[in-house]
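Student: Here is my input, please return the structure:
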Amino acid sequence: MRRPLVVIAALAVGAAAVGLYLARAYFVFPPDLIPYSHERHRYVYRVVEFRDLLAAGYWSPQWATHFRAGLGEPYFAYYQPGFFYLASLVPWWVDPLRAMGCVVVAALVFGFVTAFALVRSRFGGLAGFVAAVALVAAPYTRVEILVRGDLSEFTAMMMVPFALHRFLDGLERGRARDLVGLAVVFAAAVCTHPAVGLFLAMALGAALVTFAVVDRSWIGGMRVAAALAVGAGLASFYVLPVALEVEHVASERAFSTMWQYWQWFVEPRDLFDVTAILPFPIVVGNLLVAMAALSVAGFFWTARQWSAEQRRLLVFALLVSALMLFLMSSASAPLWERFPPLAKVQFPGRALALLTPALACAAGAVAGSGAFWRASLLALLAVASLAQSVAAMTPGRPVSFVHVTRAADLVTAEYFRPDIADEWLPRTANRFIIEGPSGPRVSWGRCSVSDFRRLQGRLTMHVADNRDGCFVVLPHFFFPLGWRVWVDGAERGATLRPVAKGFMQVGLPPGAEGPVEVRFTMTPMRRVGWMVTAASATLGFLGLASLARRRA
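Tutor: You can find the predicted model right below:
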């Protein structure tokens, strides 16, 4: 390991090759086919709309104008944006399906390299290699992509090893780069998938208290706690609207009927039963568990030979794993009942997004606590496991969908419901409406309306002959936040309110004529959230730099 950068580069190339094979359907399928998964083509349409929002100047997307055949909904005000920002970094001439594949490959490489770096820093290169391979070969890694199709959760899961690394380094060394890195990756995990972010916060919080008490590292604990607080601040642009404006949508639908968490607890024996009746395959992997168990046995056998940093990593990985196992089981039901954010996770089995990386790190320790020949055999075993896992990485059957590259075409492609339970629909909207009026209609008064157009975040029309005032119903759902009305370029007392079935009605005072534009701007909490995010990125980072341990 004399040339670590060369080694890491070579490992990254190998991980990219595995990622390309794992996500090959995103590159080799025609643009109108996608492998069958729980999500199917929903991510494709989300990427198309997100790109269009960015192109229209909405650098912090919220309202999706073209969803639901043009009736619209505040989807991105509540749905995690991280994956879509990453997909939008891919040049836009690249088809959305291929862009999604690029993000999957990049995320897998990131998870592989950071898992390698974490375990290598304490147990050596072979141990790091075993841990990284164990992460990629784990069953839940391919389940996320090939079965669930939840690319946001997969991407957040691949951020976990880096978060664990920065947490331990921040606790032990307290350097500015460790603290800032922890804050950034924690915020990124929350914004990429809030369920993973919540589990990560609980795991790091439990570990922080444990290490602070056992090691009496109060100062190091305060540094790490400050970094996590800054990370929460960085994620405020997404978290605050979700927390404080959610009453305007029917979010409770996502946590009832089949989405109630108490129906899907996973007992430890279920983790080894591939036939268990669950919403998705929840299997931890026999080899992963066996290698982690060997690490524990090796520790008890040769405990005196382990350094404090090695012991801390193994204890940390096992602590996170134990907490995730507990949260997945029915024994944790009282905690789920008393801590409301947990109920929003829907499926306790999602804790595998943390359990898998933590066990992979524990598994890598076994290769760093013995002779070189034993570590080499374990590395070969890990590679054999990866080969077997790669052989099992078979994409689902191809499913056709209407291929679109322009967001405006989503209006005619299909009645696209991005949220199956209609949970992000405005509360006043009728969820059973699948087609709105063909155009604006005058519901009261006398005026003429013409030249209606639907643009991203803008509904425009021309109003004439409005002597006594009139009300015009638009073929778009009403939402009380972010929308404003301009008449002939100025705000002239026009009003917005919902009418029957949740459509948007514009009230125009007498004499209000000319071009009328109803435009979405930004919700109040998103604006406040960005102010908190900006403050965290400046004052927060400066504060972490001042708290960082100085070099001797």
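Student: This protein - how does it break down into domains?
Tutor: 4-249+282-400, 441-521 (automatic domain parsing).
Student: Tell me the buried residues in the helix or strand hosting A362?
Tutor: Secondary structure assignment for A362, by DSSP states H and E: helix 352-365. Using 16 or more other Cβ atoms under 10 Å as the burial criterion, the residues of helix 352-365 that qualify are 352-365. Glycine gets a C-beta too; all of them are placed from N, C-alpha and C.
Student: Dump the domains of the chain into a markdown table; add mean pLDDT and distance to R549 as well.
Tutor: A markdown table is the format used below for those (pLDDT from 0 to 100; distance: least, Cβ to Cβ, whole Å):
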| stretch | mean pLDDT | distance to R549 |
| --- | --- | --- |
| domain 4-249+282-400 | 89 | 4 |
| domain 441-521 | 94 | 44 |
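Student: what comes up buried for stretch 306-326?
Tutor: Going by 16+ other Cβ under 10 Å, stretch 306-326 has these buried residues: 306, 310, 312-321, 323-325.
Student: quick one: which of the residues you listed is nearest to G482?
Tutor: Nearest to G482 among the buried residues of stretch 306-326, counting by Cβ to Cβ, is M324 at 37.4 Å.
Student: in terms of contact count, name the helices or strands touching the strand or helix carrying the closest one.
Tutor: In this structure, M324 sits in helix 308-328 according to DSSP H and E. Packing partners of helix 308-328 (3 or more Cβ pairs under 8 Å, 6 or more residues apart in numbering; DSSP states H and E): helix 96-123, helix 160-172, helix 194-214, helix 286-301, helix 352-365.
Student: Tell me what angle that helix forms with helix 352-365.
Tutor: Interaxial angle, helix 308-328 versus helix 352-365 (axes from the mean of the first three to the mean of the last three Cα atoms, to 10 degrees): 150 degrees.
Student: show me what contacts the nearest residue to L314 once chain neighbours are set aside?
Tutor: By the measure of Cβ to Cβ, 6 or more residues apart in numbering, the closest residue to L314 outside its immediate chain neighbours is A365, 5.1 Å from it. With Cβ atoms under 8 Å, 6 or more residues apart in numbering as the criterion, the residues that contact A365 are 119, 123, 127, 131, 295, 298-299, 310, 313-314, 317.
Student: Farthest-apart pair in those, please.
Tutor: Across the contacts of A365, the longest distance by Cβ to Cβ is 15.3 Å; it joins A131 and F299.
Student: Comparing those two, which shows the higher neighbour count?
Tutor: Remark: of A131 and F299, A131 carries more neighbours, 32 against 20, as counted by other Cβ atoms under 10 Å.
Student: show me the contacts for that one.
Tutor: By Cβ under 8 Å, 6+ apart, the residues touching A131 are 115-116, 118-119, 360-361, 363-365.
Student: Out of those, which comes closest to R223?
Tutor: Once Cβ to Cβ is applied, the member of the contacts of A131 that ends up nearest R223 is L118, at 18.7 Å.
Student: pretty sure that closest one contacts A358?
Tutor: No - at 10.7 Å, L118 does not count as touching A358 under the criterion of Cβ atoms under 8 Å.
Student: Mutual contacts of those two, please.
Tutor: Residues touching both L118 and A358 (Cβ under 8 Å, 6+ apart): L164.
Student: Which parts of the stretch 301-450 of the chain are strands?
Tutor: In chain order, the stretch 301-450 of the chain shows strands spanning 398-400, 441-445, 448-455, with DSSP state E, counting those that start in this stretch as the criterion.
Student: any chance of those strands in TSV, with mean neighbour count and distance to L240 too?
Tutor: TSV is the format used below for the strands of the stretch 301-450 of the chain (neighbours: other Cβ atoms under 10 Å; distance: least, Cβ to Cβ, whole Å):
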stretch	mean neighbour count	distance to L240
strand 398-400	12	37
strand 441-445	14	35
strand 448-455	14	27
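Student: Quick one: closest of those strands to G469.
Tutor: For these, proximity to G469 was assessed by Cβ to Cβ; strand 441-445 is nearest, at 5.4 Å.
Student: quick one: contacts of that closest one?
Tutor: The set of residues external to strand 441-445 that reach it, using Cβ under 8 Å, 6+ apart, is 448-449, 466, 468-473, 499, 505, 508.
Student: In PDB, list the C-alpha atoms belonging to the host helix or strand of A232.
Tutor: Element membership for A232, per DSSP H and E: helix 218-234. The C-alpha trace of helix 218-234 is given here as PDB (Å, rounded to 0.1, in the frame of the first residue of the first chain):
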ATOM      1  CA  TRP A 218     -16.500  15.000  26.200                       C
ATOM      2  CA  ILE A 219     -14.700  17.500  24.100                       C
ATOM      3  CA  GLY A 220     -14.600  15.200  21.000                       C
ATOM      4  CA  GLY A 221     -18.200  14.400  21.500                       C
ATOM      5  CA  MET A 222     -19.100  18.200  21.600                       C
ATOM      6  CA  ARG A 223     -17.200  18.700  18.300                       C
ATOM      7  CA  VAL A 224     -19.100  15.800  16.600                       C
ATOM      8  CA  ALA A 225     -22.400  17.000  18.000                       C
ATOM      9  CA  ALA A 226     -21.800  20.500  16.700                       C
ATOM     10  CA  ALA A 227     -20.900  19.000  13.200                       C
ATOM     11  CA  LEU A 228     -24.200  17.000  13.200                       C
ATOM     12  CA  ALA A 229     -26.100  20.200  14.200                       C
ATOM     13  CA  VAL A 230     -24.500  22.100  11.300                       C
ATOM     14  CA  GLY A 231     -25.400  19.200   9.000                       C
ATOM     15  CA  ALA A 232     -29.100  19.500  10.100                       C
ATOM     16  CA  GLY A 233     -28.800  23.200   9.400                       C
ATOM     17  CA  LEU A 234     -27.500  22.500   5.900                       C
END
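Student: Run the chain-centre distance for it.
Tutor: 22 Å (Cα atoms, centre = their mean, to the nearest Å).
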